[in-house]
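Asks: Here is my input; please provide its structure:
(2 chains)
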Amino acid sequence: MPTNKLNLRKLLSDSGLSERELLEALPLLKVSGEVAGNDLEVEVTPDRPDLLGQKGLAKALRTYFAGEDEELRAIIDAVPVFQDEGTLRQRGYFQGFFVNGVTLDEDDVRGLMALQELLHKSFCRNRTKASIGIHDATGISEIRYTTTRGSSMRFIPLGESRQMTPREVLNSTEKGRTYGSLVKGDEFLLLISNRGVMSMPPVINSVETQVSPATKRLFVDIEGTDPRTVDLITGVLVRELSGYGSISRVIIHSPGGQAVVPSLSEKKRELSVSSASKRLGINLTPERAAEALHKMGHRTQLIGETLEVFSPYYRFDVISEVDLIEDVMMGLGLKELTPSIPNTYTIGKRTATTSLEDKIREVLANLGYVEISMTLLSDGKNQSLVYATDPIKVKNPVSSSYDSLREGLLPDLLQALFVNKKKRMPLKLFEVGPIVIKEGSFVIQKVNAAAVTSDYSVSVEDIQGDLLRVAKRLRLSLDVKPMDFPFAVAGRSAVFGSGWIAEISPEVLLKFDYDFPVVAFELTAAVQFRTEIAQ
Amino acid sequence: MSSDRVQVVLGFIKDLKEFKLDSLSQALGIPEATLASTLEDMRQNGIIDFTVKEEEGYELTERGARYKAEGLPETKLTSLLKEKGALSIDEVKDELGDEANAAISWAIKKGYVSLKKEDGKTTIYFRKASAETLDDLISAKRAEALQRGIVRKKTIKTYHLVSAKAVEQPRLPPLTKLTHDDIVSGRWKQGLKPYDLSALPQPSRGGKKNFFQEFLSWVREILEDMGFQESLGPYVETEFWNFDALFQAQDHPAREMHDVLYIEGKGKINDEDLIRRVAREHELGWGYSWSLDKASSLVLRSQNTAVSARFLAEHKERPIKMYSVDRVFRKDEIDQKHHIEFYQSEGIVVDKSLSLADLIGFLTQFARQLGFDEVRFYPSYFPFTEPSIEGYVKHPVLGWMEALPGGVFRPEVTRTLGTDEPVLAWGIGISRLAMAKFGLNDIRFLYSPDVDFLIEEEL
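Replies: Numbers count the residues shown, from 1 in each chain, chains lettered A, B, ... in the order given. Next up, the predicted model:
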């Protein structure tokens, strides 16, 4: 979930709430907030990036508690913006807008840059889908989104002190090395104005248009590969920056014609008040539903039983009626719903596999064994100390201790014996749990049960009786035949229907740094799933 | 030190309180010097301990030994005379050889015989029989025996055994651990040694079911009491069931390598209709070209909602109340609060005209059964439910904690899975609730193999 640090004092004054009111209000908007000194650390849900910024959150709070949202009025700016054909070969999608009459202090500038970075990392997927440029627009009378191949266009990138060509930027700046791969071939994207290079999307801005507290007018460009993300980010930034100044849209002149961006249009969708009532479990009047929606920033118009809902330009998460129903719920507050238990008659029951696991636990605990419960993810190295086969590997493991799926329970039990080596003998441990193995083109998931007994001196005959008790409880008939296993002492192990019984070879024990004799048995209680794998 | 010799010596002396070195030497046929050094070695090796008393004593000389075997010469002489009456000196010399002089002089001195000189010839006459044996002589007339070279002086060593392994006890020591054989043989009658029962050992361990598994079993029981039926699904799952069937877009951040654990290979999805429905919902809803290949990728199930999705696709009977309390996997850094493997308690309810208020009712009841009486709900977000809510429960120590996430499945999900009715769903991080219940501050304790911990931990 995306998180941001906001200026608490400004948020309180912008929203008109006390600190206590604010902290109580945030969860109503799905925002979790924690005060840390002068900051408010907020975490928003991925469907509401418009709440991630200082002004966006304040506006939503004000709308929720103080009435309807102010309508966004945007004029069309006189500065022409051109998009050249070459950009279509690269990232293609481009939007922009001006913000007029801004007053920013140091803190606001920092906040805007932080928000930009946050959006880059999360919603823009590290700039692959979209990237943002926020510029000081002072003295700009024409903007061009274009491409260049040569080295004639030079500029001083942010954080550098000398002029560089686009190629140099990619090779010798940190941002260049990080994001250079997003630019295809040797054709570079540039945003230029009558004052020179503004930025080299999606890599870096020029110092020329760097934003500072002196900045009075901003130009914001959003470009990228994914039109939905470009629209989303544009909406979020318009919403946020409209809190700092007035927005003016631009006319983009491109080979395909002219377009006024951003569109900033509301989305109209119908909401049946009766389906909202049914889904939420509350009897709503159209007026009450409408009121709830207004608190959430929507406009409504009642037509018969149906509300026509106009959702603001920055809400990209409203894709079906249920999304409006959630906003009705949030506008009402969950306290308005009366919890109910429906009279739905069904019979509770657990699966045969779980019942079987319960039975085995019961009998082994009664036989004096202590149950351990380990993870299915296991250390492949430990597995291979016992088994000759290859366990199923995780492609992207977190650490080598959890890089494989265990193919039997014995390695974890031997590891557990090692952990308890200094404890009072005898040690009797068991586990009932899942294992996963690969057989041909199938991945097979089983429930196994295994028990180990260890003492100063112990014989495999000592646990035969325990195995027989388990088998009797599970109604398994055991057809025991001698068989050697790589982990067992030769001549002291046997196989039966679905498992084995053995004295563990000292060679294996010593690999686990364990030096007391161990006898063990393991059986498969159930084969749960066989999943066919295409190679 | 020969261990054979030690065994022989130990076997012989272990039941003795004291012994004389010479007697032992004779009995065992081991020279005294050798024996003395063996005993000393045994002492130094801690096998036995002893004190030695030294006293003046005597031992037979070779002559003494001969006299012991053959008799004293004067006794021999009287026996001879008793038979013959009288013998000349020469005859005595013929009979007794070198001992003749000693025999004659001691026999005279002791008055056994008398001497008569007749015609220049000396004849010895019998006077009385001798009753004196060598032993009498040695014990009664030590000075004479010394003078005659029958015995000589010697230091006698007497060993007092202080301890010996398996020797300390008198012949019939009291028994320590009583056996069947002791009872049958009557050996128990020789007494049983008392035990000191005030000295306590470690408590017995005994067998025990795992506390966390017991907790999960309890959760299952609660849900069964509420009428829920258990369903289980595979851990190695296709992205299709884990994400696509739940309307999570293929570029959703939760599907990236840093959030989900991937397994090599591709799974098969056999329901062509279902595949078509999933593709349509994704392409309409998210506006991208849906890929079956991506959906076929194998992951370790990251949410038990995959089980709900499978269940809904397969079960057309109504009403349905299903639960699954089982493992899920996430790629995460393992620390106090995070693990890559944990348990989720998943549930769905499907019936005509169910509402969000019903979901809140179910979650409130479930929380109460778990022992959390205070519950409150806030709006939340999950990709496959709308509306979505989060229930907070009040823990006596930890305060309000996030615990009960749920919602009503989005129509995109229910349309895909072929159901017209509303589906109430939740996926509770039950491992975290277990930690709160047991007062554990580290999730890794749930997988602890430490037997002392496992024996102590109780719900």
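
Asks: The nearest residue to residue B:301 once chain neighbours are set aside: neighbour count?
Replies: Among residues not flanking residue B:301 along the chain, residue B:237 sits closest, at 4.3 Å (Cβ to Cβ, 6 or more residues apart in numbering or on different chains). Every C-beta, even on glycine, is put in place using the N, C-alpha and C of the backbone. Residue B:237: 28 surrounding residues under other Cβ atoms under 10 Å in any protein chain shown.

Asks: List the residues that contact residue B:237.
Replies: B:267, B:298-301, B:306 (Cβ atoms under 8 Å, 6 or more residues apart in numbering or on different chains).

Asks: swap the cut-off to 7 Å and go again
Replies: B:299, B:301, B:306 (Cβ atoms under 7 Å, 6 or more residues apart in numbering or on different chains).

Asks: so what pLDDT did the last one get?
Replies: Among the per-residue scores, residue B:306 shows a pLDDT of 96.

Asks: Share the number of residues neighbouring it, please.
Replies: The number of residues packed near residue B:306 is 26, by other Cβ under 10 Å.

Asks: I figured it hits residue B:242, correct?
Replies: Yes: the pair residue B:306 and residue B:242 qualifies as a contact (Cβ atoms under 7 Å) at a distance of 4.5 Å.

Asks: How much space separates the residue located most distally from the centre of chain B from residue B:88?
Replies: Here chain B reaches farthest from its C-alpha mean at residue B:119, the gap being 101.9 Å by Cα atoms, centre = their mean. Counting by Cβ to Cβ, to the nearest Å, the separation of residue B:119 from residue B:88 is 11 Å.

Asks: do the same with residue B:194
Replies: For residue B:194, the distance to residue B:88 - Cβ to Cβ - is 82 Å.

Asks: Repeat that for residue A:457.
Replies: Counting by Cβ to Cβ, the gap from residue A:457 to residue B:88 is 86 Å.

Asks: and what of residue B:109?
Replies: Using Cβ to Cβ, residue B:109 is found at 20 Å from residue B:88.

Asks: who touches the residue in the stretch 151-300 of chain B that chain A sits nearest to in this structure?
Replies: Proximity of the stretch 151-300 of chain B to chain A (Cβ to the nearest Cβ) peaks at residue B:224, 3.2 Å away. By Cβ under 7 Å, 6+ apart, the contact list for residue B:224 reads A:348-350.

Asks: could the residues you listed go into CSV alongside distance to chain B, secondary structure and pLDDT?
Replies: What follows is the contacts of residue B:224, written out as CSV (distance: Cβ to the nearest Cβ, whole Å; DSSP: H, G, I helix; E, B strand; the rest coil; pLDDT from 0 to 100):
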residue, distance to chain B, secondary structure, pLDDT
A:348, 3, coil, 96
A:349, 5, strand, 96
A:350, 4, coil, 96
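
Asks: so who does residue A:317 touch?
Replies: By Cβ under 7 Å, 6+ apart, the contact set of residue A:317 is A:47-48, A:323.

Asks: neighbours of the closest residue to residue B:216 other than its chain neighbours, just the number please.
Replies: Computed as Cβ to Cβ, 6+ apart, the closest residue to residue B:216 that is not its neighbour in sequence is residue B:325, at 5.4 Å. Residue B:325 has 25 neighbours, counted by other Cβ under 10 Å.

Asks: Likewise for residue B:117?
Replies: By other Cβ under 10 Å, the residues close to residue B:117 number 8.

Asks: wait, doesn't residue B:81 sit right on residue B:128?
Replies: No: applying Cβ under 7 Å, one finds residue B:81 not in contact with residue B:128, separated by 10.1 Å.

Asks: who has more neighbours, the two?
Replies: In this view residue B:81 and residue B:128 are compared by other Cβ under 10 Å, and residue B:81 has more residues nearby, 21 against 11.

Asks: how distant is the helix or strand harbouring that one from the center of its chain?
Replies: Taking DSSP states H and E as the criterion, residue B:81 maps to helix B:73-84. Distance of helix B:73-84 from its chain centroid, counting by Cα atoms, centre = their mean, to the nearest Å, is 80 Å.

Asks: what residues are up against the closest residue to residue A:39 other than its chain neighbours?
Replies: Excluding the flanking residues, the one nearest residue A:39 by Cβ to Cβ, 6+ apart is residue A:5, at 4.7 Å. Shown in contact with residue A:5 (Cβ under 7 Å, 6+ apart): A:39, A:41, A:114.
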